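Undergrad: no sequence on this one, just coordinates:
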């Protein structure tokens, strides 16, 4: 394994690519009692159509999430969750639009738990009976999600931004789409994507990196296989298909999300810089200490239930801010006015430097969370860069870059709004 020193953050990262193509990242944390391991595949809810060796396949919505659920079933009839829990670990998993990740945290028996994690994720076991049972369980989960205003806001916004892209569809799919899933389709997708060459193992704790490498080498297949290519629609325009969508649900006050497209950079160093500029620009534009938020909060148009994010996933990008407001369209108007002001006057230099320091502080605090470290390394590596490089790049970002980013991406015609209003009796 090769090591990289990050003296500015006091970290050392060990990295390697095994002969089978698995990418391994280990962050030693000497003296700590907690261990964390995450094993992830570059496969998520938006990977519906893909190509491998000249063959194109189309799969039902929700299959990646369904597969995540079923991967815990073991041929012995037991559940990997039960086995890991009995061994002192706290296991779980999640599926995003483009990543499925299995992980655990523990304070002892780390190497044994790591072997268990790698073994169950590399041991698919599906039967018609268990698939049918899971369809009922996930069907209930889907119906509960359909009643969630936050989910409705998010997916409605993506319908405006990306109407032709599978990223607009719920990760869990629909009751109708998961009814198409069989044990055969699960095996087909597993065999296509769950290949070490399409996966990353990330570990943090008081561990020996070489020992982690050896465990991965001993436990996983030695065969190096080609990686599927996702068939995502190309960008046709940076404008939304429509600018507004409304829905009525059981909410106590209107909720909203305002979003704009972001075209993701494909080169690693450019992707990292774009991510940092985007997040810093959002902080400057709509953070809790920004003039926009301060004015809207003082006038009662925003509460503390407000947030923002830059979401790059499955070949798409979106800048999103939202929360609760008695008048979401007034918030939109105020946002447009603030963008116009920044275009005229520029960003305040002192606020810019404070925002950079606040961003740096948040990232440094994140290094204390082993889960955050491991998952960040995975997501960033799938995007082509190392999360630990962010601290160095952040220092070089200029006020002018953020001003240009805000000017370009928050132009009025680029904005779309998703609103959930209260049902009228």
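TA: Here it is on my side, so go on. All figures in this text were calculated on a predicted structure; none of them were measured in a lab.
Undergrad: make it CA atoms for all contacts and neighbour counts henceforth
TA: Fine.
Undergrad: Beta-bridge partners for residue 39, please?
TA: Note on residue 39: beta-bridge partners residue 102, residue 201, judged by DSSP bridges.
Undergrad: who does the host helix or strand of residue 309 touch, helix- and strand-wise?
TA: For residue 309, the element it lies in under DSSP states H and E is strand 306-313. If you count contacts as 3 or more CA pairs under 8 Å, 6 or more residues apart in numbering; DSSP states H and E, strand 306-313 packs onto helix 268-286, strand 316-324.
Undergrad: quick one, it and helix 268-286 angle?
TA: Angle, strand 306-313 to helix 268-286, by axes from the mean of the first three to the mean of the last three CA atoms, to 10 degrees: 160 degrees.
Undergrad: Next, the buried residues of strand 306-313.
TA: 306, 307, 308, 310, 311, 312, 313 (16 or more other CA atoms under 10 Å).
Undergrad: Residues in contact with it: which ones?
TA: For strand 306-313, the surrounding residues in contact (CA atoms under 8 Å, 6 or more residues apart in numbering) are 97-98, 262, 264, 275, 278-279, 282-283, 286-287, 317-324.
Undergrad: Excluding chain neighbours, give the residue nearest to the residue most central in space within the chain in space.
TA: What sits nearest the mean C-alpha location of the chain, by CA atoms, centre = their mean, is residue 96, with 5.6 Å. Nearest non-adjacent residue to residue 96, counting by CA to CA, 6 or more residues apart in numbering: residue 44, 5.5 Å away.
Undergrad: about what we covered before: relative to residue 163, which of the helices and strands packed on strand 306-313 is closest?
TA: strand 316-324 (11.8 Å; CA to CA).
Undergrad: for the closest one, packing partners?
TA: In terms of contacts (3+ CA pairs under 8 Å, 6+ apart), strand 316-324 is packed against strand 255-261, strand 306-313.
Undergrad: Need the ones you listed in JSON lines (columns: distance to residue 415 and mean pLDDT).
TA: Below are the helices and strands packed on strand 316-324 laid out as JSON lines (distance: least, CA to CA, whole Å; pLDDT from 0 to 100):
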{"stretch": "strand 255-261", "distance to residue 415": "5", "mean pLDDT": "98"}
{"stretch": "strand 306-313", "distance to residue 415": "14", "mean pLDDT": "96"}
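Undergrad: so residue 67, which of the three states?
TA: Counting by DSSP: H, G, I helix; E, B strand; the rest coil, the backbone at residue 67 sits in helix.
Undergrad: if I look at the closest residue to it other than its chain neighbours, how far off is residue 70?
TA: Spatial nearest neighbour of residue 67, chain neighbours left out: residue 186 (6.3 Å); criterion: CA to CA, 6+ apart. Relative to residue 70, residue 186 is positioned 9 Å away (CA to CA, to the nearest Å).
Undergrad: okay, and the common contacts of those two?
TA: residue 126.
Undergrad: the more surrounded of the two?
TA: Set residue 186 next to residue 70 and count neighbours by other CA atoms under 10 Å: residue 186 wins out with 24 against 19.
Undergrad: re the thing from before, kindly write the ChimeraX command that selects the buried subset of the contacts of strand 306-313.
TA: With 16+ other CA under 10 Å as the burial test, the buried ones among the contacts of strand 306-313 are selected in ChimeraX as follows:
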select :97,98,262,264,275,278,279,282,283,286,287,317,318,319,320,321,322,323,324
